[in-house]
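Enquirer: Fold the stuff below for me.
(chains A and B)
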2 protein chains.
Amino acid sequence: MSAPTLTLARRLRASPFETRSLVGARTASVYNHVVLPTSYRSLEEDYWHLREHVQIWDVGCQVQVEVVGPDAYEFIEYLTPRDVSRCQVGQCIYTPLTDENGGIVNDPLVLRLAEDRFWISLSDSDVMLWAKGLALGRGLDVQVFDPDVFPVSIQGPKADDLLSRILGDGIRELKFFRFIETTIADTPVVVARTGWSGQGGFEIYLQEPGKGVDLWDALVAAGEGLELLPGCPNLIERIESGLLSFGNDMTLANNPLEAGLDRFFKLGKAADYLGREALEAIAAAGLKQRMARLVIEGEPVPNPRGVYSIQGTSGEVTGSLTSVAFSPRLGFNVAFGYVPTADAVVGSVVRVDTPSGVREAQVVGTDWSLG
Amino acid sequence: MSAPTLTLARRLRASPFETRSLVGARTASVYNHVVLPTSYRSLEEDYWHLREHVQIWDVGCQVQVEVVGPDAYEFIEYLTPRDVSRCQVGQCIYTPLTDENGGIVNDPLVLRLAEDRFWISLSDSDVMLWAKGLALGRGLDVQVFDPDVFPVSIQGPKADDLLSRILGDGIRELKFFRFIETTIADTPVVVARTGWSGQGGFEIYLQEPGKGVDLWDALVAAGEGLELLPGCPNLIERIESGLLSFGNDMTLANNPLEAGLDRFFKLGKAADYLGREALEAIAAAGLKQRMARLVIEGEPVPNPRGVYSIQGTSGEVTGSLTSVAFSPRLGFNVAFGYVPTADAVVGSVVRVDTPSGVREAQVVGTDWSLG
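Expert: A predicted model of the protein is given here:
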């Protein structure tokens, strides 16, 4: 069966960059009710180009929730097991949000714009409704709203070259997960050294949607001679770079401990937060499964649509493959999946039940080395 | 620019009917993180067929939020200005949900499964997060969760003929907005006389996702000789039938009074609800704009992606066109849009700013008659 064409309707919120970014997009998806291009040339061509040059990405789908007011800081702490106290104004922090069961609601980046003002830059779930509901229910003195802010991303090894042409060489000194407020194309923007690839780059937050095309065109003009092309988060690259995708690699049914997000926080932060009791109970009981990087040799394995269950070495099945792509550089399939905890060690070999048969998968470290 | 192909990923939740329903789907969208087919043949062919025969629709994207527990009834009342007290077990009720500003969060159907157990059958926003957040924040004694229930819809004038072949002639007596619990294809289902067309039919709620294909195939088998075809909510038909679409015709930025949803409720119900003060203030101040049915004669107007603003007879611009389709039966464009309140009377002629120029639009009544 051939894949259907995406219908654009008013219900799908238009990114301010859409009239530019959809030109040449071969495939797309919907993310936070916004259209997200998913490939331009082929996944492989986009991948090689991203690793070698620089791309402009319409990530308007990373919509923001603004939280502002006297209780804003306390409320942000309440939403996440991560300790937000060390996040200063001008910093971003990756914050898995949890519900009362310790399930992952979203895994946004939080930008601290002022002591009492934050943007929650979302992966794919309506956190505005979640945060509004909680804040209203608890009677907190905060405003929670969608500020109509849309990011565009510049990713790839030449990203610094590109942006320094607009903002000067100072931008090269911007540290990882820091941001500045400035102006590009006569429109105020927040520029952060962040982005959903491992190739380096920036996310540029547009605050005046009517200036989206101007901002896009200014960035494209600055890319002249740098082999700039439109691009998008790339399945192969993001798996290789170890970037988990909310909705693919973890959902509300997963907790951040089994997803391995506890490398970003320690249980037991001082501030009150939702899900503390649940996470402490989960930790005390011991994890049944853990997210692992997996290598599957041989033929390409299609990215799972249904459940490709994973059987551990003891025969136990706890979870399934969550993302996979064939790496043309490494010559094997790189994948993420939940394996029984006992198998979450480099060198363990598990069995993945794919539509084209059972395949062996080896648990590997962060360098994808088969050892 | 040609429209991109929809990428299927694990992040887009698979409807249990997807392996059947995507066969032959030419276009699709994403709704509540689930793929929704939007056309099979052409919009016009699908339209005529729906009016004359019977269709099977994969509306798995109408996901449910289950609310159960001692405070469930009180909580449902709290979510909506509509009076839920008259909704008995076995009944469905259309309930616009409002936030603290009176903005529309969603416009679901609520099914009362027991005195203290409800399904909220959603249009396109994550009401589970909203309801969970509110219930947690307020410390209510309810459980709020996604019960993994997916509807399939049988719509069209032969729907009763089809379903009576499976459930017997008794099903013909099921009243509008009532449901029964029964079994089809050896799987328990809820069958409701509801659906997102004006042609009559049923929505059948599957509770065992693993039995989705069996249920689909049983319904298709029962359609033999009835010219059953796969279909989907049809843009032309749903506008003609006066069915507003959340996200298209109203959003959180609209209140239910201006959207005309107050025909379903009176302000001032006895039970406490969120948004009461805001809606009373809006009503007291008078509405600036109202949703209207509009006829635009001449060439087809493309369904709006951007803003097609509407200028009232006094020159005032308050809102825009929200949905439009050319009706091959009526021979003109049928549309919804927000007009200045003074123009919300049959016969008023407003001006719509479309990408192909300014077009006149006449406000009409529910029969689309030009008078």
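Enquirer: give me the residue from chain A nearest chain B.
Expert: Of chain A, the residue with the smallest distance to chain B, taken as CB to the nearest CB, is A:Gly137 at 1.7 Å. To be clear about C-beta, it is placed using only N, CA and C from the backbone, and glycine gets the same treatment.
Enquirer: Look at that residue and say how many residues are nearby.
Expert: Applying the criterion other CB atoms under 10 Å in any protein chain shown, we find 18 residues in the vicinity of A:Gly137.
Enquirer: And the nearest residue to it once chain neighbours are set aside, what's its pLDDT?
Expert: With CB to CB, 6 or more residues apart in numbering or on different chains as the criterion, A:Gly137 has its nearest non-adjacent residue at 1.7 Å, and that residue is B:Gly137. pLDDT recorded at B:Gly137 is 92.
Enquirer: can you tell me which residues contact B:Gly137?
Expert: By CB atoms under 8 Å, 6 or more residues apart in numbering or on different chains, the contact list for B:Gly137 reads A:133-139.
Enquirer: and those residues, which of them are in helices?
Expert: Judged by DSSP state H, the contacts of B:Gly137 include A:133-138 as members of helices.
Enquirer: sorry, back to before: how about the contacts of B:Gly137 in JSON lines, adding distance to A:Gly312?
Expert: Listed next are these as JSON lines, based on distance: CB to CB, whole Å:
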{"residue": "A:Gly133", "distance to A:Gly312": "38"}
{"residue": "A:Leu134", "distance to A:Gly312": "37"}
{"residue": "A:Ala135", "distance to A:Gly312": "42"}
{"residue": "A:Leu136", "distance to A:Gly312": "44"}
{"residue": "A:Gly137", "distance to A:Gly312": "41"}
{"residue": "A:Arg138", "distance to A:Gly312": "41"}
{"residue": "A:Gly139", "distance to A:Gly312": "47"}
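Enquirer: from those, which would you call buried?
Expert: Of all the contacts of B:Gly137 considered here, the ones buried according to neighbour count by 16 or more other CB atoms under 10 Å in any protein chain shown are A:133-138.
Enquirer: Which single one of those residues is nearest to B:Gly315?
Expert: A:Leu136 (38.7 Å; CB to CB).
Enquirer: nearest spatial neighbour of the closest one, skipping sequence neighbours?
Expert: If you skip the residues right next to it in sequence, A:Leu136 has B:Glu100 as its closest partner in space, 5.8 Å away by CB to CB, 6+ apart.
Enquirer: Contact partners for the residue nearest to A:Asn333 when sequence neighbours are not counted?
Expert: Beyond its immediate neighbours in the sequence, the residue positioned closest to A:Asn333 (CB to CB, 6+ apart) is A:Ile296, lying 3.9 Å away. For A:Ile296, the set of contacting residues under the criterion of CB under 8 Å, 6+ apart consists of A:324, A:332-333, A:335, A:352, A:359-362.
Enquirer: all strands of the stretch 251-371 of chain A, in order?
Expert: For the stretch 251-371 of chain A, applying DSSP state E, counting those that start in this stretch gives strands covering A:289-296, A:308-311, A:317-326, A:333-340, A:349-354, A:357-364.
Enquirer: Give the partner strands of the longest one in its sheet and their orientations.
Expert: I take that to be strand A:317-326. Each strand paired with strand A:317-326, and its direction, by DSSP bridges: strand A:308-311 (antiparallel), strand A:333-340 (antiparallel).
Enquirer: Tell me which stretches of the stretch 151-300 of chain A form helices.
Expert: Here the stretch 151-300 of chain A has its helices, by DSSP state H, counting those that start in this stretch, at A:159-167, A:212-222, A:235-240, A:276-285.
Enquirer: out of these, which comes closest to A:Arg86?
Expert: If you check each of the helices of the stretch 151-300 of chain A against A:Arg86 by CB to CB, helix A:276-285 wins as the nearest, at 18.7 Å.
Enquirer: Take the closest one, keep the C-alpha atoms, and write them as PDB.
Expert: Only the C-alpha atoms of helix A:276-285 are listed here, as PDB (Å, rounded to 0.1, in the frame of the first residue of the first chain):
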ATOM      1  CA  ARG A 276       8.500  11.600  43.400                       C
ATOM      2  CA  GLU A 277       6.800   8.700  45.300                       C
ATOM      3  CA  ALA A 278       6.200   6.700  42.100                       C
ATOM      4  CA  LEU A 279       9.800   7.100  40.900                       C
ATOM      5  CA  GLU A 280      11.200   6.200  44.300                       C
ATOM      6  CA  ALA A 281       9.100   3.100  44.400                       C
ATOM      7  CA  ILE A 282      10.100   2.100  40.900                       C
ATOM      8  CA  ALA A 283      13.800   2.600  41.800                       C
ATOM      9  CA  ALA A 284      13.400   0.600  45.000                       C
ATOM     10  CA  ALA A 285      11.600  -2.300  43.300                       C
END
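Enquirer: Is that helix positioned near chain B?
Expert: No. Under the criterion of CB under 8 Å from any CB of the partner chain, helix A:276-285 makes no contact with chain B; the nearest approach is 12.2 Å.
Enquirer: List the buried residues of that helix.
Expert: Of the residues in helix A:276-285, those buried by neighbour count under the rule 16+ other CB under 10 Å are A:276, A:278-279, A:282.
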